[in-house]
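Visitor: the following block contains a protein sequence and its predicted model.
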Number of protein chains: 4
Amino acid sequence: MQQVLALPLVYEFSRHLEPRARVKSGARLRVESEDALSGQIRTPGDRRDKSKMPFSNPVAGPIHVEDAAPGDVLAVTIESIEPRDGQCATYTGAPRQLTEWLGADVPHGAHVCPIHDGQIQFSENISIPYQPMLGCIGTAPDWGVPTTFPAGPHGGNMDLVEVGPGCTVYLPVFVPGGYLYLGDAHASQGHGELSATALEMAAQTTITVNRIPKPGYAGVRLETADWLMTVSTQNSFERAIAEAYSKLILWMEADYKWDRWKAYDLLTQVGQISLGYYTNGTVAAKVEKKYVTAGW
Amino acid sequence: MQQVLALPLVYEFSRHLEPRARVKSGARLRVESEDALSGQIRTPGDRRDKSKMPFSNPVAGPIHVEDAAPGDVLAVTIESIEPRDGQCATYTGAPRQLTEWLGADVPHGAHVCPIHDGQIQFSENISIPYQPMLGCIGTAPDWGVPTTFPAGPHGGNMDLVEVGPGCTVYLPVFVPGGYLYLGDAHASQGHGELSATALEMAAQTTITVNRIPKPGYAGVRLETADWLMTVSTQNSFERAIAEAYSKLILWMEADYKWDRWKAYDLLTQVGQISLGYYTNGTVAAKVEKKYVTAGW
Amino acid sequence: MQQVLALPLVYEFSRHLEPRARVKSGARLRVESEDALSGQIRTPGDRRDKSKMPFSNPVAGPIHVEDAAPGDVLAVTIESIEPRDGQCATYTGAPRQLTEWLGADVPHGAHVCPIHDGQIQFSENISIPYQPMLGCIGTAPDWGVPTTFPAGPHGGNMDLVEVGPGCTVYLPVFVPGGYLYLGDAHASQGHGELSATALEMAAQTTITVNRIPKPGYAGVRLETADWLMTVSTQNSFERAIAEAYSKLILWMEADYKWDRWKAYDLLTQVGQISLGYYTNGTVAAKVEKKYVTAGW
Amino acid sequence: MQQVLALPLVYEFSRHLEPRARVKSGARLRVESEDALSGQIRTPGDRRDKSKMPFSNPVAGPIHVEDAAPGDVLAVTIESIEPRDGQCATYTGAPRQLTEWLGADVPHGAHVCPIHDGQIQFSENISIPYQPMLGCIGTAPDWGVPTTFPAGPHGGNMDLVEVGPGCTVYLPVFVPGGYLYLGDAHASQGHGELSATALEMAAQTTITVNRIPKPGYAGVRLETADWLMTVSTQNSFERAIAEAYSKLILWMEADYKWDRWKAYDLLTQVGQISLGYYTNGTVAAKVEKKYVTAGW
């Protein structure tokens, strides 16, 4: 196993264009990532200061995958996501769109939560199951410069709860080497990541990276033991949902020999939608594999 | 138990302003509703003809609830939803927004599915669990005329999978008597109701209707044994999600004594979002009751 | 000329299903409409009280047009819109979506403005040109009950600044007689009607109504001496813009013999978009007639 | 005058991080930019090939402005935009969202138009007034790497028809030197840039760049002799319109001493909205200066 150390990518990247690691297809890696709060909230009294580098959402990478070329797909299988420090943290920032209904009188709310025995100790009375995920995983987009902002056809800052242990993330390659990066781990997150700050966590993530040279179907996708999912980011959720379902149908057609309109019919009855950060327009369209492999 | 017969409401309503039934708070009713295809697809060869009355989405009602007055809330508990004819049906209509990715070359696809032993026989190889729901349930909106189009602060055509047996639907009253109506039963439906036509079913629905004179929190809500949910319909999903979560927070504050910003924090970590018909802008924001009743 | 008196339609309509007037195709009418504030703000000290009938946005109608049948189009030419009382009024209500940036600390702001010599005396220093328009004009939608909420394929509450003197509004007929209604006159309005309350005005509107039995192109449209416009209402503006431009292309194709893709090219270069109330998803796509009649 | 040569920024930028020019505040520059089609369509038979570098939308820059520091604003006044080759070009690509209504059977449609005497010879019968604008002008965003995709708080690919001769564009500085870039000139463009390809033009643009160290109001803004405009890019147009109008109000408050709610009232009556590329969520909120300077 090869270890890749934590690298704040976003804001410093223009000065760190070279890959931080070079791996071959098939490599198994342990990746350390800082939390999205840049590690500023470690104890209850800490405060968020966005004026310090890295300002926000540092991720680890970029990782150069040997022979990965535009047109390929990277299959990144997440084996485990472990808290680096045995805890996670959040804070309640400005309620933005919710101000209309809730006002904006938010108290200082940094909030540090221990993680043990598969539970997050959220408050005195509330434990939340530890269901870790990566908010951010992507390749360099086709404009050539890795960025965690925004999500798009290269993956990126998707904030989907499905991107956890057992999930394989398929990412198109746009630049030689792919330039994979990941981070923004959450110990738990609700749909839409309401306050934009989930239970943020410095993490050790174990992944396997495989290059798929001639994918039957490209496009950002997720696969688990039981589900197939396509991911779309669009200006409006309405359009993102239409695109994600369309691409799930095209995937079923390309790789599972489904008739297009029968797939359309099936998804109308059993498809599911999961939402990323609610102002980003990222959604996953989902179908249980058992239906897809059964055939019509 | 009082029986209310099937009544095609939408298109004929202008000629049937009078309530079809008058009940008292606490009444238990069995309501028969036609399917949203107006009963035109009963055998595989049948075709949809939208030029005949009732054109689409007939529902049963309106039901006048004695003493219900503007400001009250109706609590409608769904006990069971049974198929009237032992089957459901769907068809694949124009793919609208999906045309961009899939084209529009849709074959005739009326599709009749028997229902037995808790399963829908969807195709030769695929059985889908029978998970019935009502696509449409509402009161007369504040402009005074019941309509199943569109959804809004009066409920209406929400198409949420959560509106099934065991769910209590809270609906504001805007006109004397409330004018409750319901129908558009689905034997199963995916998130977003992709093709706009789920597994449509003529149904017998057993409900109990209670008037709540001074609600702690008004607004369209759903409650089951395990979940609290608020429903919002807005032009954009982004805004609907913001409103639905805001109202869930206000409900937790009003009826469960939560601090507003602690509720905001909690929902960021464990809130869920369910989508109605994906071009309607209807969403439900959800939280498990166990978190709410535990207190912070 | 036949005179139609002011009729509060929206909230009382369920008790006034019968047409208030019956006219023949070709009729020239003077229609009186109350202002959208229900006449509650006549002097500077007045306050808006939405608990009184008619609550909001009363309009005049419905008007039954003889022989108008589903599939026809009504062409309503607006000759003039005159202030009934020589003044208009507005007030600054809750800033809703703007609360996030502006807060919600709005003072009482009822505001009455005299109109004379083609100018609205808006404040001590500011005169605004009198550019009257109808916020609301429509037929009964296909669910059979006239309503001013929301806008849709039947017209309705569009709030487009182009609907003024010299404009012909084409409205599809969905029910026998069409059930035309109009009102919500504005002495002036900005794009998007920011606060939802423009310079509201009780008005006398002179119109001519013509029935078009076999329209080349149906759909809500506007026409002036210099412009062709199509109107679309959709959940997202993005989709409304796509639809409105598409329908303008289809109109150019149907009635002006344009090649579809040449029209697409032309509108890319010279098309314009006007927005109705900014949370309603109503837009007009516009093209100058001189381009259309020139041919490619 | 200092001349800056054409530089394809977008796709090559990761290999050209160093500024292409360094100027002082007050500099007057002539900037040459390639057209957004990367110069591939020069004669009617030419075809677009997006597989060649620069793939799309090359712009000129980045330009380092001496002493420009985060928190400053750059004021870029556009003096003139001239066609480099006496012509412009467009082509009709996939109709994307319009496919639903128009199908996708688009013929090859590269289209070269001479420009002379202030007119674009669009076709045999149609001349369009030459109304040049820059589709793209911006600074490096706060993630530090200039990009023409997407628009945002740094300006960028806004596609607003108002960004032409006589317009001053105010752009926030996020990185030392600002890293100004511009290009994507259009000889004319309709609202929304329907096909995503306007009358694209290699251009010579003359600008003056001034650094504003302590701006009264920051944020992307436009100013002409007669208009004040704020620019916002958001997922939904609805939200972009709300933000742009809010910021116009805050600008009137900060720099013109307007009462916030009186400005809100004024803009409701006379504000205008202009749309950029219709899937980008960019809008400009506009008010005539005469109203602002008159005071209430």
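Guide: On my side now, so go ahead. Computed from a predicted model, the values in this text were never measured in an experiment. Numbering: from 1, shown residues only, chains lettered A, B, ... in the order given.
Visitor: use CA for all of it now, contacts and neighbours both
Guide: Will do.
Visitor: now tell me which helix or strand of chain A has the poorest mean pLDDT.
Guide: strand A:2-4 (a mean of 50; mean pLDDT, DSSP states H and E).
Visitor: and the next element down the chain from that strand?
Guide: Next in sequence after strand A:2-4, counting helices and strands by DSSP states H and E, comes strand A:21-23.
Visitor: now the element after that next one, going C-ward?
Guide: The helix or strand immediately downstream of strand A:21-23 is strand A:28-33, counting by DSSP H and E.
Visitor: that next one: partners in the sheet, and parallel or antiparallel?
Guide: Strand A:28-33 pairs in its sheet with strand A:2-4 (parallel), strand A:203-212 (antiparallel), by DSSP bridges.
Visitor: and that strand, C-alpha only, in CSV?
Guide: Coordinates of each C-alpha in strand A:28-33 appear next as CSV, following Å, rounded to 0.1, in the frame of the first residue of the first chain:
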residue,chain,number,x,y,z
ARG,A,28,-4.3,0.4,-3.4
LEU,A,29,-3.7,3.7,-1.5
ARG,A,30,-4.3,5.2,1.9
VAL,A,31,-5.1,8.9,1.4
GLU,A,32,-5.0,11.3,4.3
SER,A,33,-7.2,14.4,4.0
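Visitor: adding mean neighbour count, write the strands paired with strand A:28-33 out as TSV.
Guide: Shown next, in TSV, are those (neighbours: other C-alpha atoms under 10 Å in any protein chain shown):
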stretch	mean neighbour count
strand A:2-4	15
strand A:203-212	23
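Visitor: in a markdown table: these, plus distance to B:Gly281.
Guide: A markdown table is the format used below for the strands paired with strand A:28-33 (distance: least, C-alpha to C-alpha, whole Å):
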| stretch | distance to B:Gly281 |
| --- | --- |
| strand A:2-4 | 43 |
| strand A:203-212 | 36 |
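Visitor: and these, which one's lowest on average pLDDT?
Guide: Comparing mean pLDDT across the strands paired with strand A:28-33, the weakest is strand A:2-4, with a mean of 50.
Visitor: pLDDT below threshold where in chain A?
Guide: Chain A contains residues with pLDDT under 70 at A:1-17, A:53-55, A:143-149.
Visitor: do that again at 80, thanks
Guide: A:1-18, A:50-57, A:109, A:142-150 (pLDDT under 80).
Visitor: can I see the domain layout of it?
Guide: According to automatic domain parsing, chain A comprises the domains A:2-212, A:225-294.
Visitor: now distance to C:Ile41 too, for those domains, in a markdown table please.
Guide: Shown next, in a markdown table, are the domains of chain A (distance: least, C-alpha to C-alpha, whole Å):
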| stretch | distance to C:Ile41 |
| --- | --- |
| domain A:2-212 | 26 |
| domain A:225-294 | 38 |
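Visitor: nearest to B:Val65, of the ones you listed?
Guide: domain A:2-212 (31.0 Å; C-alpha to C-alpha).
Visitor: gap between the residue lying closest to A:Glu162 once chain neighbours are set aside and chain C?
Guide: Counting by C-alpha to C-alpha, 6 or more residues apart in numbering or on different chains, the nearest residue to A:Glu162 once its immediate chain neighbours are dropped is A:Met133, at 7.0 Å. Separation of A:Met133 from chain C (C-alpha to the nearest C-alpha, to the nearest Å) stands at 30 Å.
Visitor: likewise for A:Pro215?
Guide: Distance from A:Pro215 to chain C, by C-alpha to the nearest C-alpha: 32 Å.
Visitor: how many residues are close by that residue?
Guide: 16 (other C-alpha atoms under 10 Å in any protein chain shown).
Visitor: is any part of stretch A:179-188 close to chain B?
Guide: Yes: residues of stretch A:179-188 contacting chain B under C-alpha under 8 Å from any C-alpha of the partner chain: A:Ser188.
Visitor: any idea how far that stretch is from the chain center?
Guide: 6 Å (C-alpha atoms, centre = their mean, to the nearest Å).
Visitor: likewise stretch A:90-98?
Guide: Taking mean C-alpha positions (C-alpha atoms, centre = their mean), stretch A:90-98 and its chain are 21 Å apart.
Visitor: next: stretch A:33-51.
Guide: 20 Å.
Visitor: and for stretch A:273-290?
Guide: The answer for stretch A:273-290 is 11 Å, by C-alpha atoms, centre = their mean.
Visitor: could I get the full set of strands for the stretch 1-150 of chain A?
Guide: Assigned by DSSP state E, counting those that start in this stretch, the stretch 1-150 of chain A shows strands spanning A:2-4, A:21-23, A:28-33, A:59-65, A:73-83, A:87-90, A:111-116, A:119-121, A:127-129, A:133-138.
Visitor: closest to D:Pro70 out of the domains of chain A?
Guide: Comparing the domains of chain A under C-alpha to C-alpha, the one sitting nearest is domain A:2-212, at 11.2 Å.
Visitor: confirm for me that A:Val112 is in contact with A:Pro44.
Guide: Yes: judged on C-alpha atoms under 8 Å, A:Val112 makes contact with A:Pro44 at a distance of 5.8 Å.
Visitor: ok, those two, which is more surrounded?
Guide: Legend: neighbour count by other C-alpha under 10 Å for A:Val112 and A:Pro44, higher for A:Val112 (23 against 13).
Visitor: quick check: bridge partners of that one?
Guide: A:Ala89.
Visitor: quick one, what contacts it?
Guide: A:Val112 makes contact with A:41-44, A:87-90, A:122, according to C-alpha atoms under 8 Å, 6 or more residues apart in numbering or on different chains.
Visitor: buried ones only from those residues, please, as a ChimeraX command.
Guide: Here is the ChimeraX selection string for the buried members of the contacts of A:Val112, based on 16 or more other C-alpha atoms under 10 Å in any protein chain shown:
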select /A:41,42,87,88,89,90,122
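Visitor: and which of the contacts of A:Val112 is nearest to chain C?
Guide: A:Thr90 (21.9 Å; C-alpha to the nearest C-alpha).
Visitor: look up how far A:Ser56 lies from the closest one.
Guide: A:Thr90 is 13 Å from A:Ser56, where distance means C-alpha to C-alpha, to the nearest Å.
Visitor: all helices of the stretch 151-296 of chain A, in order?
Guide: A:237-256, A:260-270, A:289-294 (DSSP state H, counting those that start in this stretch).
Visitor: the ones you listed: which one's closest to chain C?
Guide: helix A:237-256 (7.9 Å).
Visitor: residues from chain A in reach of chain C?
Guide: A:96-100, A:103, A:236, A:238.
Visitor: can we see that at 6 Å?
Guide: A:96, A:99-100 (C-alpha under 6 Å from any C-alpha of the partner chain).
Visitor: turn those residues into a markdown table, including neighbour count and distance to C:Tyr291.
Guide: Putting the residues of chain A next to chain C into a markdown table (neighbours: other C-alpha atoms under 10 Å in any protein chain shown; distance: C-alpha to C-alpha, whole Å) gives the following:
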| residue | neighbour count | distance to C:Tyr291 |
| --- | --- | --- |
| A:Arg96 | 18 | 44 |
| A:Thr99 | 22 | 46 |
| A:Glu100 | 22 | 44 |
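Visitor: in TSV: those residues, plus distance to chain D.
Guide: As requested, the residues of chain A next to chain C are exported to TSV (distance: C-alpha to the nearest C-alpha, whole Å):
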residue	distance to chain D
A:Arg96	11
A:Thr99	13
A:Glu100	12
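Visitor: restricted to helices, list the residues you listed.
Guide: A:99-100 (DSSP state H).
Visitor: what's the closest non-adjacent residue to A:Glu243?
Guide: A:Ser232 (6.3 Å).
Visitor: would you confirm that the one you found contacts A:Ile241?
Guide: No: using C-alpha atoms under 6 Å as the test, A:Ser232 is too far from A:Ile241 to be in contact (7.3 Å).
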